[in-house]
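In: Quick check, what structure comes out for this input:
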Amino acid sequence: MEKHKILKEIIELNKKNFRGLEITKDFAIKGDENSSMIFSGTNEQYTKKECAEFKKYENKFVETPFKHRYYAYYKNKNNVLTHKGIVYIMFNPSHAIPGDVDDSINNCINLAKKYDYIEILNLFSLRKPSGYKKTELSDSNDINKKFILDYLENIVDNKNIDVVLAWGHGKEKDYKEIIDEINNILKNKNNVFIIGVDAQKANTYIHHANSQIWNGLGKIEEVAKLVPYNLIEV
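Out: Coordinates of the predicted model:
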C-alpha cells in the first residue's frame, strides 16, 4: 500500500473524534479532536542540533521534531453548525504545532469563521519557517504531493467543502508543475477561493495575500476576505 493511501485513512480517523498521540516510523499524529496534525514519523526527524538552528522556535521543534507536516485540522468554535468545511492549500508549514499556531494558521482560522472546520494542506511538506531552497522543498515532497492530489480528487465534487488557493503571490513560475496539477484538478470545482486584500484598508499597494499582508498588518479579517476564483479563466 502506498504511503499516501495510508495517510488518507489516518485522516479519516483523525476527523472522527481522534484523540491522543500515535507515532510510527512513517507518520506521527499529534493533537486532539479540536486541533490535530499529521507529520512524518521517526524516520524523518530533525536532530537537536538542527532544532537549535530555528532559534526562537527551537523549543517547538524539539517538542515536535518531525521534518514534514502533511495535514492540519482545526474545529471551529463558532457554535453554529453549518455542515461546511474549508481547505486551505498553503506553501509550506512553518513552526505551528497543535495547540500553538503560527500567524499563517491563525489568519486562516480568522477568515473562516462561518465554517465548522478548517483543514490545511501545503504544496510542500517540509517544516521550515524560512531559509528553504527550491530543491530542498521538491526533493522530499513525494509523499505530500501524492497525498494532496489524491485528497483534492476526493473532495472536488463536494459542495460542502470550499478550497482556498493560499500559497502566496508569485509562486506560479517557480513551482509551475505542482500548481498546474492542482489547478487541473480544481478547474471544474465551483467553490474555489483566493484571499483578496483591500489595498486601502491594508495601507498598501499590494493586492495579493503575500507575507507583508499575511503576517504583519493586524487583524487579517479586517483587510482581507475570501474571493471566488474561476480557474477556467486563468
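In: For Glu222, grab the count of nearby residues.
Out: Number of residues near Glu222 (other Cβ atoms under 10 Å) recorded here: 12. From N, CA and C alone the C-beta is placed, and that goes for glycine too.
In: mind checking the SS state of Tyr70?
Out: Following DSSP: H, G, I helix; E, B strand; the rest coil, Tyr70 is assigned to strand.
In: What is the burial count for it?
Out: 25.
In: where's the helix or strand Asn183 falls within relative to the chain centroid, distance-wise?
Out: For Asn183, the host element (DSSP states H and E) is helix 176-186. Put simply, helix 176-186 sits 16 Å off its chain's centre (Cα atoms, centre = their mean, to the nearest Å).
In: Could you give the average pLDDT over the following helix or strand past that helix?
Out: Later in the chain than helix 176-186, the nearest helix or strand by DSSP H and E is strand 192-197. Mean per-residue pLDDT for strand 192-197: 85.
In: what angle separates strand 192-197 from helix 176-186?
Out: Here strand 192-197 runs at 120 degrees with respect to helix 176-186, directions being taken by axes from the mean of the first three to the mean of the last three Cα atoms, to 10 degrees.
In: what distance separates strand 192-197 from the centre of its chain?
Out: With Cα atoms, centre = their mean, you get 15 Å for strand 192-197.
In: Determine the set of other helices and strands touching that strand.
Out: strand 161-165, strand 224-228 (3 or more Cβ pairs under 8 Å, 6 or more residues apart in numbering; DSSP states H and E).
In: Would you mind finding the most buried of the ones you listed?
Out: Highest mean neighbour count among the helices and strands packed on strand 192-197 (mean count of other Cβ atoms under 10 Å): strand 161-165, with a mean of 22.
In: For the closest residue to Tyr175 other than its chain neighbours, give me its contacts.
Out: Nearest residue to Tyr175 in three dimensions, chain neighbours excluded: Leu123, at 6.3 Å (Cβ to Cβ, 6 or more residues apart in numbering). By Cβ atoms under 8 Å, 6 or more residues apart in numbering, Leu123 lies in contact with 89-92, 148, 167, 171, 175, 178-179, 182.
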